[in-house]
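In: the following block contains a protein sequence and its predicted model.
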Amino acid sequence: MNTYIDIYCERTAPGLWAEPLNALTNLAFVVTALLLGRILLAGEAGARRDPVSWMFVGLVLVIGIGSGLFHTFARRWAMLADVIPIALFILLYVWFAIRRFAQGSAWAAGGGVAAVLAVAVLVPPLTGFRGGSYVAALLAMVVIGGWLVRARRHPAGPALLGTAALFAVSLAFRTADAPACHAFPAGTHFVWHILNAAVLFLVTRTMIRHGARG
């Protein structure tokens, strides 16, 4: 659990501050959680009392803390603190998007979660791409958002599709970190943090606006 992990361009040696940009940009998630909390508190009573919306706000904060731990300590336990909250956010969002936006049954929501898990597991061995969970999340946003637009004319549909486009750009910066390392010694992973904070803000705000229940 205490194995040292060095997988990012910015890190060139062990040490808490070997990834200053990757570490400090996790503050974007903290700011995002605070902004979302403010939106909830200023919203209608139904939204303010919705435990699911507050759960997602809390997960955004935990994601920032977990990622900050990983980019400072760079140990296996810190990596788990980073990836587990992200995985929980993705799976729970798929479940509640199907249940609340699409009015789908528990079986439909469970099938969506199972499909996301399958894509996340299959992408790395089939393509060699590290980050199958993010590919699965992107596909889920496109599929659910597209279905909401086409079949239900639901306002969450365009919001999810627009956020999916931003997430695709964010994922491109994450992927470019190692290939662009020689040209950009700081890497590009810190841009992923900033853009991904915006993505989490948008999808959580969509849940608050269109899926919150008091």
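Out: Sure, I can see it.

In: packing partners for the least confident helix or strand in the chain by mean pLDDT?
Out: Every helix and strand of the chain was ranked by mean pLDDT, DSSP states H and E. The lowest is helix 45-48, at a mean of 76. Counting by 3 or more C-beta pairs under 8 Å, 6 or more residues apart in numbering; DSSP states H and E, the packing neighbours recorded for helix 45-48 are helix 27-42. For glycine as for every other residue, the C-beta is placed from the backbone atoms N, C-alpha and C.

In: next one: stretch 121-140 to chain centre, how far?
Out: Put simply, stretch 121-140 sits 14 Å off its chain's centre (C-alpha atoms, centre = their mean, to the nearest Å).

In: please save the CA atoms from that stretch in PDB.
Out: In PDB, the C-alpha atoms belonging to stretch 121-140 read as follows (Å, rounded to 0.1, in the frame of the first residue of the first chain):
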ATOM      1  CA  VAL A 121     -12.900  -2.900 -17.400                       C
ATOM      2  CA  LEU A 122     -12.600  -3.800 -21.100                       C
ATOM      3  CA  VAL A 123     -11.100  -0.600 -22.500                       C
ATOM      4  CA  PRO A 124      -7.500  -1.000 -21.000                       C
ATOM      5  CA  PRO A 125      -6.900  -4.500 -22.200                       C
ATOM      6  CA  LEU A 126      -8.500  -4.000 -25.600                       C
ATOM      7  CA  THR A 127      -7.000  -0.600 -26.400                       C
ATOM      8  CA  GLY A 128      -4.000  -0.100 -24.000                       C
ATOM      9  CA  PHE A 129      -5.600   3.100 -22.900                       C
ATOM     10  CA  ARG A 130      -5.200   3.800 -19.200                       C
ATOM     11  CA  GLY A 131      -8.500   5.400 -18.000                       C
ATOM     12  CA  GLY A 132     -11.300   3.100 -19.000                       C
ATOM     13  CA  SER A 133     -13.500   4.600 -16.400                       C
ATOM     14  CA  TYR A 134     -13.300   8.000 -18.100                       C
ATOM     15  CA  VAL A 135     -14.100   6.600 -21.500                       C
ATOM     16  CA  ALA A 136     -17.100   4.900 -19.900                       C
ATOM     17  CA  ALA A 137     -18.200   8.100 -18.200                       C
ATOM     18  CA  LEU A 138     -17.900  10.000 -21.500                       C
ATOM     19  CA  LEU A 139     -19.900   7.400 -23.400                       C
ATOM     20  CA  ALA A 140     -22.500   7.400 -20.600                       C
END
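
In: surely His154 touches Phe101?
Out: Yes - with contact defined as C-beta atoms under 8 Å, His154 reaches Phe101; the gap is 5.7 Å.

In: quickly list what's touching both of those two.
Out: With contacts defined as C-beta atoms under 8 Å, 6 or more residues apart in numbering, the residues shared by His154 and Phe101 are Leu148, His210.

In: quick one: neighbours of Val199, just the number.
Out: A count of nearby residues for Val199, using other C-beta atoms under 10 Å, gives 22.

In: swap in the one 4 residues further on?
Out: Other residues near Val203 number 24, with proximity taken as other C-beta under 10 Å.

In: got it, and Ala176?
Out: Counted with other C-beta under 10 Å, Ala176 comes out at 18.
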